Structures are given as C-alpha cells and as structure tokens.
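Asker: Quick check, what structure comes out for this input:
(chains A and B)
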Amino acid sequence: GNSVTQMEGPVTLSEEAFLTINCTYTATGYPSLFWYVQYPGEGLQLLLKATKADDKGSNKGFEATYRKETTSFHLEKGSVQVSDSAVYFCALSGNTGNQFYFGTGTSLTVIP
Amino acid sequence: NAGVTQTPKFQVLKTGQSMTLQCAQDMNHEYMSWYRQDPGMGLRLIHYSVGAGITDQGEVPNGYNVSRSTTEDFPLRLLSAAPSQTSVYFCASSAGTIYGYTFGSGTRLTVV
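Answerer: Residues are numbered from 1 along each chain as shown, chains lettered A, B, ... in the order given. Have a look, this model is predicted:
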C-alpha cells in the first residue's frame, strides 16, 4: 500500500541555519509527491510538488527532489528565517484512485 | 478567489448534539475530502468524494456522514457528538492527484 514516513520533530534551528526534513515513501506505481506547510492556526498550504522521478520542486527557497531509487523526497532550505516556523507535512498521491497520503508532520521552530 | 471556505471556524457542542460542518469550493474541483487533525496523529481521512453524487469512507468514518449533491458543496454531519470528536476539521479539494490539495482554514470543534 501507500504510505509516507517523515522525520520526527520537533526541530529547532537558529536563524540562517540549513534545514533538512527527511521524508520517505512507499507506493505502488508512480506517485506524485508534495510538501505542505501549516502555520499556527491556519490550514495546510501547498509548498512544492514533484510529479515524476528526478523532478525538483522549489518555492520560497525550499527545495525537494523526487528520488525514486531511494524512495525519498527530503525538504531542504539553505538559510531558514524565523518566519519559516511552522509544521511541515510530506504527502503523496497515488496514480490510481484519488487518494492522498500524509506524513505525521514535523514541527520547525526557528529562533533569532 | 475564495478557494475552499469552511464554516464555522469554531464550535462547541454538548455530547449527543448533532451539527453540520460546511465546506464549499469555487474552483470546480471534482475531488473533495474531509480530514481531522489531532495532536501527534497528523491528518486522518474521514470521508471523500470523487464527484457529485459519489462519496466513500476514509480511515475514520464512524460517527460522520457526508453527501455531495453539487460539485461545490461537501458538508460533514456529526450525528451524535462525542468528546472523542473534539478535533480540528479540514476540508480540501483537488482537480486531480498531480495537482495537490487546496485546504480550507479549518473548523475547531470542542465536544463537552
């Protein structure tokens, strides 16, 4: 079946530090992969996506590369800001049916 | 451009009461879903719909009903509220699995 595993949090970083949040997946076929961000008190927002192997999604300085060989989609940012403090969710959608599968979320706090 | 609109934003119910959480989208998306979000448990799928007149159960459907009479609306009904249904509820819609979800801002429900 389909599932997503992402690194446990919480993660605390100093401003301008490098960020990696690990995400691995299990899927049949060729899923699409996503990162969502949830700021306090808000709904989830799509941050970036990749729809096929070796694609790189990017947005707001965040990047993630769809690695089929390692079934991974790790989120990275070179220099985090306080405003990046949020919960980040990795997700996949299968290529059959219309279901999305979410990881449990990783809380990031960036301190000045 | 409203996206996905959820009402109400906050609600307190007494055990045994019923209520309907409203969800409407103006993007002509065929696919809509309801999730609940609980601390440490990520997002859990309650019910979903792949088009008007078609609904199906997700991971945690017990105690909830849905219907989809139009493309735009996908209400979630709590039949007899229980304290275990205290949660934040999110409605989401999608044009297809490669596009990702658009989420509403959520309904915070407390059952006392």
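
Asker: can you tell me which helix or strand A:Phe34 belongs to?
Answerer: Using DSSP states H and E, the element containing A:Phe34 is strand A:32-38.

Asker: Could you see whether chain B lies near that strand?
Answerer: Yes. Using Cβ under 8 Å from any Cβ of the partner chain, strand A:32-38 reaches chain B at A:32, A:34, A:36. In this view, the C-beta of every residue, glycine as well, is placed from N, C-alpha and C.

Asker: Correct me if wrong: the first one contacts B:Ile98.
Answerer: Meaning A:Ser32. Yes. Under the criterion of Cβ atoms under 8 Å, A:Ser32 makes contact with B:Ile98 at 4.8 Å.

Asker: Give me the more crowded residue out of these two.
Answerer: A:Ser32 (23 against 15; other Cβ atoms under 10 Å in any protein chain shown).

Asker: for the more buried one, what are its contacts?
Answerer: A:49-51, A:92-93, A:95, B:97-98, B:100 (Cβ atoms under 8 Å, 6 or more residues apart in numbering or on different chains).

Asker: The helix or strand bottoming out on mean pLDDT in chain B close to chain A?
Answerer: Within chain B, no helix or strand scores below strand B:42-51, which has a mean of 92 by mean pLDDT, DSSP states H and E. Yes. Strand B:42-51 lies within reach of chain A by Cβ under 8 Å from any Cβ, at B:42-43, B:45, B:48, B:50.

Asker: hang on, the earlier thing: could you tell me which residues touch both of A:Ser32 and B:Ile98?
Answerer: A:49, A:51, A:93.

Asker: returning to that earlier point: so that I can see them in PyMOL, could you write out a selection of the buried residues among the contacts of A:Ser32?
Answerer: Provided next is the PyMOL selection string for whichever of those are buried by 16 or more other Cβ atoms under 10 Å in any protein chain shown:
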select buried, (chain A and resi 49+50+51+92+93) or (chain B and resi 97+100)
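
Asker: and the least confident of the contacts of A:Ser32?
Answerer: Across those, the member with the lowest pLDDT is A:Asn95, scoring 64.

Asker: partner residues bridging A:Ser72?
Answerer: A:Thr24, A:Arg67 (DSSP bridges).

Asker: what's the neighbour count on it?
Answerer: For A:Ser72, the tally of surrounding residues (other Cβ under 10 Å) stands at 17.

Asker: contacting residues around it?
Answerer: A:Ser72 touches A:22-25, counting by Cβ under 8 Å, 6+ apart.
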